[in-house]
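Undergrad: How does the following fold in three dimensions:
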Amino acid sequence: MRLKYRLPEAIAILAIAASSGNLSPARAQSQTKVRARDLGVPFEGKPGPLDAITDVQRVEVGFSTLISGEGKLVVGQGPVRTGVTAVLPRGRDSSDPVFAGWFTENGNGEMTGTTWVEESGFLEGPVMITNTHSVGVVRDAVIAWRVKHGQPAGSEYWWSLPVVAETYDGYLNDVNGFHVKPEDAFKALEDARSGPVPEGNVGGGTGMVCYEFKGGTGTASRRLEAGAGGYTVGVLVQCNYGQKDQLRIAGVPVGREIAGPKVWDDDVGSIIVVVATNAPLIPAQLKRIARRVTLGLGRDGSYSGDGSGDIFIAFSTANLGAASGTGVRQLGMLSNDQINPIFLATVQATEEAVVNAMIAAETMTGIQGHTVVALPHDRLREILKKYNRVAP
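TA: This next block holds a predicted model:
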């Protein structure tokens, strides 16, 4: 049976309560699933209300999660442990491109559409994330979705170069069965919402492995102080990389402290990171932001191995209408000598988003009985206490 899980009703109810003032957004998210801060992980920096990429106004996130079958791998039949994630910079109702920049730390992976991002400085449409062998179908589906929902805007030939990224879920998923279909990409786009963001085994992150524990989708944010502009930086990751003995949480060598079976013999896999901000930044500055993702991953222990595709994209929701019309456009730009707080926020939010993905992920069994265990919460707290690193 093919299952497609939607945003849990509990999250929707809690989000409504939060928006009405009856429940804080941060509490709405924490009541649905434990996050790293709930376990006392002492992250630096001040998060936004949701501690999610959707703390950046207008950003929406949607998922299509595919889970079916168990046991022996039969290519084309399963087991299936995969999905699609959609990040829409200005939401589903906007066709206004955003300034963007991208960076690859190690290129053993794919993110389509980045040649035009580099050339034009704009991200046009959503950022989609799926598994390695579903990039093509998701890319084509995004074009079809945009044609269906958009207008040519004065042009008889309306074209699109979608940004679609991937990480490999073939340890748990029938990756060569091509189970992701156009309707799954459509669902992720149509289900995109602001508010709390589900984490762990959801969307494109469903079948992913991180530091040989169960990985997947994670998010976090940082809100700058008023003196630094009061801007927000949000990060969403799809993490599927690293070996256990590399894993560090809050500076503690957590992976070396936890015994258990190995999954990889080397640092393989990938991580895709999407950074959003409402700070008025131009493409060159956003490329600099994307580069700082590497420092956040380094805090978690990554050295970006040869077998890993570590690819990042950053965009700004400021400068509405920058790509429209003709003639001279009036833009806002943060001075370079004021950008350091944005750099730091990106590093901090990236570090936390990866850990949030692992904390939210649940043990999963996939093809051939392969099982990837979740990072044990109780054991993590014991280790943090051992190193005197539990937040007060």
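Undergrad: Make sure I have this right: residue 294 is in a helix.
TA: Yes. Residue 294: assigned to a helix according to DSSP: H, G, I helix; E, B strand; the rest coil.
Undergrad: Against residue 273, how distant is it?
TA: 9 Å (C-beta to C-beta, to the nearest Å). C-betas here are computed from N, CA, C, even on glycine.
Undergrad: Of those two, which one has the most company?
TA: residue 273 (29 against 19; other C-beta atoms under 10 Å).
Undergrad: which residues touch that one?
TA: By C-beta atoms under 8 Å, 6 or more residues apart in numbering, residue 273 lies in contact with 235-237, 290, 293, 297, 311-313, 350, 353.
Undergrad: and it, that's in a strand?
TA: Yes. Under the criterion used here (three-state DSSP), residue 273 sits inside a strand.
Undergrad: Tell me what it is bridged to.
TA: Residue 273 has the following beta-bridge partners by DSSP bridges: residue 237, residue 312.
Undergrad: what number of residues lie near residue 148?
TA: Residue 148: 8 surrounding residues under other C-beta under 10 Å.
Undergrad: tell me the SS of it?
TA: Per three-state DSSP, residue 148 ends up helix.
Undergrad: mind exporting the helix or strand hosting residue 380 as PDB, just the C-alpha atoms?
TA: Here residue 380 sits within helix 377-386, counting by DSSP states H and E. Provided in PDB are the C-alpha atoms of helix 377-386 (Å, rounded to 0.1, in the frame of the first residue of the first chain):
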ATOM      1  CA  HIS A 377      17.400  10.900  23.600                       C
ATOM      2  CA  ASP A 378      18.100   9.600  27.100                       C
ATOM      3  CA  ARG A 379      21.600   8.600  26.200                       C
ATOM      4  CA  LEU A 380      22.300  12.000  24.600                       C
ATOM      5  CA  ARG A 381      21.300  13.700  27.800                       C
ATOM      6  CA  GLU A 382      23.500  11.400  29.800                       C
ATOM      7  CA  ILE A 383      26.500  12.300  27.600                       C
ATOM      8  CA  LEU A 384      25.800  16.000  27.700                       C
ATOM      9  CA  LYS A 385      25.700  15.800  31.500                       C
ATOM     10  CA  LYS A 386      28.900  13.800  31.500                       C
END
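Undergrad: Output the lengthiest helix in the chain in PDB, but only the C-alpha positions, please.
TA: Across the chain, the longest stretch assigned as helix under DSSP state H is helix 340-360. Output of helix 340-360 as PDB, limited to C-alpha atoms (Å, rounded to 0.1, in the frame of the first residue of the first chain):
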ATOM      1  CA  ASN A 340      28.700  39.600  10.400                       C
ATOM      2  CA  PRO A 341      25.600  38.900  12.600                       C
ATOM      3  CA  ILE A 342      24.000  37.300   9.500                       C
ATOM      4  CA  PHE A 343      27.100  35.100   9.100                       C
ATOM      5  CA  LEU A 344      27.000  34.000  12.700                       C
ATOM      6  CA  ALA A 345      23.200  33.400  12.600                       C
ATOM      7  CA  THR A 346      23.700  31.100   9.600                       C
ATOM      8  CA  VAL A 347      26.400  29.100  11.300                       C
ATOM      9  CA  GLN A 348      24.300  28.700  14.500                       C
ATOM     10  CA  ALA A 349      21.000  27.800  12.800                       C
ATOM     11  CA  THR A 350      22.700  25.300  10.500                       C
ATOM     12  CA  GLU A 351      24.400  23.600  13.500                       C
ATOM     13  CA  GLU A 352      21.000  23.300  15.300                       C
ATOM     14  CA  ALA A 353      18.900  22.300  12.200                       C
ATOM     15  CA  VAL A 354      21.000  19.100  11.700                       C
ATOM     16  CA  VAL A 355      20.700  18.100  15.400                       C
ATOM     17  CA  ASN A 356      16.900  18.900  15.300                       C
ATOM     18  CA  ALA A 357      16.600  16.500  12.300                       C
ATOM     19  CA  MET A 358      18.300  13.700  14.200                       C
ATOM     20  CA  ILE A 359      16.300  14.300  17.400                       C
ATOM     21  CA  ALA A 360      13.000  14.200  15.500                       C
END
